[in-house]
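[1] please work out how this folds:
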Amino acid sequence: MIEKGKAMVTHIDGDEVHAMNMKDHSMMILPVDSEIEVASGQEILWMEALGRYKIER
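    Numbering: from 1, shown residues only. From the prediction side, this is the model:
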């Protein structure tokens with residue numbers, strides 16, 4: 001099963017993006033994707049499958 005959602009980037013720490021899930025306001029740690037530029041305060045779309053997360057845009 002694949003889960004998708006929106007999150008707000010709080011900060012970037014090395015190769016991790018820390019974001020707040022917009023659905024339940026929980027904190028998430030996502031891997032940095034070299035193809036997608038992210039910045040603090042930006043809203044992102046994420047996808048999770050089998051415990052692995054990916055930033056879509």
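[2] give me the buried positions along the longest strand along the chain.
    Ranked by residue count, the top strand of the chain under DSSP state E comes out as strand 2-13. For strand 2-13, the neighbour count (16 or more other CB atoms under 10 Å) marks 7, 9 as buried. C-beta coordinates here come from the backbone N, C-alpha and C atoms, glycine included.
[3] okay, strands next: where are they in this protein?
    Using DSSP E, strands in the chain cover 2-13, 16-21, 27-31, 43-49, 52-55.
[4] elements contacting the last one?
    Using 3 or more CB pairs under 8 Å, 6 or more residues apart in numbering; DSSP states H and E as the contact test, the elements touching strand 52-55 are strand 27-31, strand 43-49.
[5] please apply the same query to the first one.
    Secondary structure elements in contact with strand 2-13, counted by 3+ CB pairs under 8 Å, 6+ apart, are strand 16-21, strand 27-31, strand 43-49.
[6] name the residues that touch that strand?
    17-23, 27-28, 30, 32, 38-49, 56 (CB atoms under 8 Å, 6 or more residues apart in numbering).
[7] quick one: buried ones out of these?
    17, 19, 28, 30, 38, 44, 46.
[8] so the fifth one sits against residue 56, correct?
    The one in question is residue 38. No. Applying CB atoms under 8 Å as the test, residue 38 and residue 56 come out as separate, 11.2 Å apart.
[9] could the strands of the chain go into JSON lines alongside mean pLDDT?
    Below are the strands of the chain laid out as JSON lines (pLDDT from 0 to 100):
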{"stretch": "strand 2-13", "mean pLDDT": "94"}
{"stretch": "strand 16-21", "mean pLDDT": "95"}
{"stretch": "strand 27-31", "mean pLDDT": "93"}
{"stretch": "strand 43-49", "mean pLDDT": "94"}
{"stretch": "strand 52-55", "mean pLDDT": "90"}
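[10] now the helices and strands packed on strand 2-13 in CSV, with distance to residue 1?
    As requested, the helices and strands packed on strand 2-13 are exported to CSV (distance: least, CB to CB, whole Å):
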stretch, distance to residue 1
strand 16-21, 17
strand 27-31, 17
strand 43-49, 7
